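In: got a structure for you, letters missing:
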């Protein structure tokens, strides 16, 4: 399998430095990175949205893509697509909310206790999440290592 190019987003609200942005993007491309930037046309403005809103959509897509790739790389081909989709959404929910109890996750995703326990055990086994606190009142959160990987995407 071909190795994926690392994506780097170059964003600036300074409009007087277009030449410097072009040089930076060209240099990064020369090092074989996939450069995402609206000025060079690899991020497109969304009609009706400001440049900042379009950029935030691109960041959101990058995070979703990273989380999706990480889950797909970690799980066997035998894992059902619906399960993978739910696991990705569970990780994104923990990224947004910080931490959640088992009950909160069950309610959010409308699944049985056994299903959520299986999901969390799988995500824990692949070091995406940790459980903190007592069995009754504890919460799941993303591991520091996984959060660092997500920050590298941003």
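Out: Now that the structure is in, tell me what you want to look at. None of these values were measured; they are calculated from a predicted model.

In: Show me where this structure has its strands.
Out: Assigned by DSSP state E, the chain shows strands spanning 7-9, 34-36, 99-100, 129-132, 139-142.

In: Skip the chain neighbours and tell me the closest residue to residue 141.
Out: Counting by Cβ to Cβ, 6 or more residues apart in numbering, residue 99 is the residue found nearest to residue 141 once chain neighbours are left out, at 4.1 Å. For every residue, glycine as well, the C-beta is placed using N, CA and C.

In: Could you check how far the spatially most central residue of the chain is from residue 142?
Out: Geometric centre of the chain, nearest residue: residue 63, 2.7 Å, by Cα atoms, centre = their mean. Distance from residue 63 to residue 142, counting by Cβ to Cβ, to the nearest Å: 12 Å.

In: Buried ones in stretch 94-108, by neighbour count?
Out: 94-95, 99-100, 102, 105-106 (16 or more other Cβ atoms under 10 Å).

In: Domain parsing of the protein, as residue ranges.
Out: Following automatic domain parsing, one finds the domains of the chain at 1-43, 61-153.

In: check contacts around residue 18.
Out: Taking Cβ atoms under 8 Å, 6 or more residues apart in numbering, we find residue 18 in contact with residue 39.

In: got the residue ranges for the helices in the chain?
Out: For the chain, applying DSSP state H gives helices covering 18-30, 51-74, 81-97, 102-109, 113-125, 144-153.

In: And the longest one, what's buried?
Out: This points to helix 51-74. Of the residues in helix 51-74, those buried under the neighbour-count criterion (16+ other Cβ under 10 Å) are 54-55, 58-59, 62-64, 66-68, 70-71, 74.

In: Which pair in the buried residues of stretch 94-108 has the greatest spatial separation?
Out: 95 and 106 (18.4 Å; Cβ to Cβ).

In: for residue 21, what are its contacts?
Out: 10, 12, 37, 39-40.

In: so how far is stretch 49-68 off the chain centroid?
Out: Mean C-alpha position of stretch 49-68 versus that of the full chain (Cα atoms, centre = their mean, to the nearest Å) differs by 10 Å.

In: and if you look at stretch 83-99?
Out: Distance, centroid of stretch 83-99 to centroid of chain: 9 Å (Cα atoms, centre = their mean).

In: From the rest of the structure, what touches it?
Out: For stretch 83-99, contacts defined as Cβ under 8 Å, 6+ apart pick out 63-64, 67-68, 71-72, 75, 100, 105, 108-109, 111, 119-120, 122-123, 128-129, 132, 139-142, 146-147, 150.
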